[in-house]
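Got a predicted structure here, sequence first:
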Amino acid sequence: MDHSLSLRFLRAAVAVDLLTETGDGNEVVFAPTELGLGIGSQNSPGRGIVLLEASPEYASAWDQFDRVLQTGEIGWELAHGVPRIYDSIDTQSSTSTSSGNGSGKTLPGFRDTFYQGLRSWGGMEEGDILSADGVRNLIAGLPSEAVVADIGGGEGSFASKILGLRSDISVLLQEQAVTCEAARSNPVLKPLIESNRVTILERSFFEGVGVVDVDLEENVVAVAAPHLYILKYVLHNWGDDDCIQILQNVRTAIEKSNVADCRILIIEHGPIESTPEIRLLDLHMAVLCGKGATERTTTEYSRLFEESGLVLHDVHSSKGAVYALECGIK
């Protein structure tokens, strides 16, 4: 290694608080800071987030930021030709598109980076969510053999942590097909799937949620009616009209199931009204997720619940910058 260039690199890392430098001119010692440890280890919880944020795919979308501000267009679509970041993780080589400057191709190589980032977020925040007294008490109060529907639950990280709290409940994990494939490959989830504690449902939440009729040709499964529905980091990806449709689909599923006192947990970053720095995530929503995607205040979420035929029962804060809104049918 080039000694002079290596020293310059290490001192650049000191400048951004990744390393500390001690010693005199004869002997210099560099050591990682807490931040440096957080992103330097293969097993560190924040590493996936850093790799995602620093990915060339993200950079291409953020390069469109001036145009996003000027026109309201979607940065991800301008860069990659598909409307949302989630449209780029399919295993297919391409999709059709009618707009954007990108090629319209999905990004199979980006898929691992994307899921690594989601796992990082989960590893850093899911414990905070489940440590909130209200959330913990809600799960503890579920009847034996209850089903929790994790709608848009990703690879199943949160589902596995929920099941770690109770040995006598199960989870229905509903996701798009490509993410269901990732969930089935998740080594943490595999034993839970094999023991029937996790059932995976490939279905868009715009088509419906929860219990459905058996239709093997459509790859749909039937499970017991859920006692609790969870939507974690789902609604902030969508505009108000889409959110209302998703919530109405949950309400319809509850009405059909006739489960008494069924509840819905909406887990999001916030509350914004007491954590204003979360407003910075609005920029992510605009660049990566499109029109209408935003971090909302509790009042704004309550308004969505009202328009969906639901009512807000409680708000559960956590020690992190996440919280849960507990709602149900009016």
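That came through fine.

Skipping adjacent residues, who's closest to Lys291 in space?
Of all residues not flanking Lys291 in the chain, Gly239 sits nearest, at 6.1 Å (CB to CB, 6 or more residues apart in numbering). Where you see a C-beta, it was placed from the backbone N, CA and C, and this is true even at glycine.

That neighbour and Arg296 touch, don't they?
No: with contact defined as CB atoms under 8 Å, Gly239 does not reach Arg296; the gap is 10.8 Å.

and those two? which has more neighbours close in?
Arg296 (22 against 14; other CB atoms under 10 Å).

Who are the contact partners of the more buried one?
Going by CB atoms under 8 Å, 6 or more residues apart in numbering, Arg296 touches Leu235, His236, Glu268, Gly270, Ile272, Leu304.

quick one: pLDDT of it?
For Arg296, the model assigns a pLDDT of 91.

Same check on Ser99?
As predicted, Ser99 sits at a pLDDT of 35.

in the stretch 1-150 of the chain, which ranges drop under the pLDDT threshold?
For the stretch 1-150 of the chain, the stretches flagged by pLDDT under 70 are 25, 35, 38-43, 45, 90-105.

Do a quick rundown of the strands in it.
For the stretch 1-150 of the chain, the strands defined by DSSP state E, counting those that start in this stretch cover 19-23, 28-32, 147-151.

Redo the ones you listed as a markdown table? Include distance to Leu288.
Formatted as a markdown table, the strands of the stretch 1-150 of the chain follow (distance: least, CB to CB, whole Å):
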| stretch | distance to Leu288 |
| --- | --- |
| strand 19-23 | 30 |
| strand 28-32 | 30 |
| strand 147-151 | 20 |
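
Go through stretch 293-311 and flag the buried ones.
In terms of neighbour count (16 or more other CB atoms under 10 Å), stretch 293-311 has its buried residues at Ala293, Thr294, Glu295, Arg296, Thr298, Tyr301, Ser302, Leu304, Phe305, Ser308, Gly309, Leu310.

Buried subset of the contacts of Arg296, written for ChimeraX?
Buried members of the contacts of Arg296, defined by 16+ other CB under 10 Å, are picked up in ChimeraX with:
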select :235,236,268,270,272,304
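
mind listing which of the contacts of Arg296 are in strands?
The strands, defined by DSSP state E, take in Glu268 from these.

Hmm, Gln176 is touching Phe205, no?
No: using CB under 8 Å, Gln176 is not in contact with Phe205; the gap is 9.1 Å.

quick revisit: just the strands of the stretch 1-150 of the chain: most buried one?
Of the strands of the stretch 1-150 of the chain, the one with the most neighbours on average (mean count of other CB atoms under 10 Å) is strand 147-151, at a mean of 24.
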